[in-house]
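Participant: Let me see the structure of the following:
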Amino acid sequence: MKPKIAISLGDPAGIGPEVVLKAIDCPEVQSSCDIVIYGSDEVLSLTGSALSLKRRPVVIDDGQLMHPVPLGEISPVAGSAALHWVRQAATAVMQGEADALVTAPIHKEAAALAGSAFPGHTELLANLAGCKNVAMMLVAGNLRVVHVSTHVSLRKALDSISEPAVMMTVERAMEGCRLLGLDQPRIAVAGINPHAGEGGRFGTEERDILVPVISSLSDHGWNVQGPIAPDTVFARALRGEFDVVVAMYHDQGHIPVKLLAFDSGVNVTVGLPFIRTSPDHGTAFDIAGRGVASAKSMIEAILLAVAMYRRKP
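Facilitator: Now for the predicted structure:
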């Protein structure tokens with residue numbers, strides 16, 4: 001039987017409805033899974049008509065959004081609806097009504113205006129599932145990156161790097177790789193400072209924080225290497241030396257992935273009791289409603305969720 005994938009529609013003022021409908025119109029998606037969308041039936045109908053798409057999706061619409069919102073505008077109404085649909089879809093997966101969750105983009109400012117205290121999907125879903133130790137993994141072909149910190153300022157990100165935080169992230173990297181079919185992954189830990197500290201000349205965080213973690217895991221048989229200079233580790237991973245890179249902060253990990261796969265990268269939340277993926281892009285308010293948004297990343301997110309579900313123990 002084909003797995004059932006729950007999709008939350010995302011911010012209705014952005015490109016979420018467009019990329020969702022384009023993705024479920026993809027023959028490969030249709031043949032691999034059944035889709036149920038949590039969102040606004042009216043928004044999807046209007047979007048489908050504008051795109052001349054005839055495929056009618058299965059939609060769970062409980063009336064959270066009474067009327068379509070203006071496209072391309074930040075709105076607490078849209079933010080509230082997007083958050084509601086995420087919670088609704090995630091709850092359906094946790095209750096066994098669907099097999100995996102794929103989330104279309106939310107707008108963080110709109111979500112904040114709607115009263116959300118969470119900076120993004122990762123934190124919201126972790127709270128909903130009652131999980132503390134979750135991590136973001138970005139997947140772009142054979143480049144996989146897991147982050148120690150994500151949606152915080154750079155100053156806070158650097159302050160948050162600790163032995164327990166790095167240890168947890170390496171563990172989540174191992175878990176994510178196994179869900180991707182890599183049972184004995186080669187894990188690279190990126191340095192924090194230029195040249196990974198250059199032996200303490202450019203900073204001592206590598207020596208004081210990263211080396212003890214790497215040594216401990218290596219002693220237990222894990223294939224963990226580093227700290228490796230952050231300006232070379234991603235190129236080496238792309239060449240096949242490593243299966244996954246542990247990045248220290250948001251942009252350190254995001255920039256190489258965005259450069260490599262701007263339209264096709266996938267975001268995976270590792271550490272949840274269910275599978276969750278999403279396209280690795282935002283709401284793109286500047287092109288909302290124009291019919292030009294690429295669905296590649298959404299398609300890849302759905303197909304990866306299916307592949308991960310089939311590999312679950």
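Participant: Please, where are all the strands along the stretch 101-250 of the chain?
Facilitator: 135-140, 143-147, 187-190, 224-228, 244-247 (DSSP state E, counting those that start in this stretch).
Participant: Highest mean neighbour count out of those?
Facilitator: Here the criterion is mean neighbour count by mean count of other Cβ atoms under 10 Å, and of these the winner is strand 244-247, at a mean of 28. Glycine gets a C-beta too; all of them are placed from N, C-alpha and C.
Participant: helices or strands up against it?
Facilitator: strand 143-147, helix 163-179, strand 187-190, helix 233-238 (3 or more Cβ pairs under 8 Å, 6 or more residues apart in numbering; DSSP states H and E).
Participant: Output that strand as CSV, restricted to C-alpha atoms.
Facilitator: Provided in CSV are the C-alpha atoms of strand 244-247 (Å, rounded to 0.1, in the frame of the first residue of the first chain):
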residue,chain,number,x,y,z
VAL,A,244,27.0,14.3,6.6
VAL,A,245,28.4,17.5,8.0
VAL,A,246,27.6,18.9,11.5
ALA,A,247,27.5,22.7,11.1
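Participant: A165: neighbouring residues, count only.
Facilitator: 17 (other Cβ atoms under 10 Å).
Participant: residues in contact with it?
Facilitator: V148, S149 (Cβ atoms under 8 Å, 6 or more residues apart in numbering).
Participant: ok so, going back, mind checking the helices and strands packed on strand 244-247 for the one nearest to S297?
Facilitator: Closest approach to S297 among the helices and strands packed on strand 244-247 (Cβ to Cβ): strand 143-147, 14.5 Å.
Participant: picking that back up, reformat the helices and strands packed on strand 244-247 into a markdown table and put distance to A92 and mean pLDDT next to each item.
Facilitator: As requested, the helices and strands packed on strand 244-247 are exported to a markdown table (distance: least, Cβ to Cβ, whole Å; pLDDT from 0 to 100):
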| stretch | distance to A92 | mean pLDDT |
| --- | --- | --- |
| strand 143-147 | 26 | 96 |
| helix 163-179 | 20 | 95 |
| strand 187-190 | 33 | 97 |
| helix 233-238 | 35 | 96 |
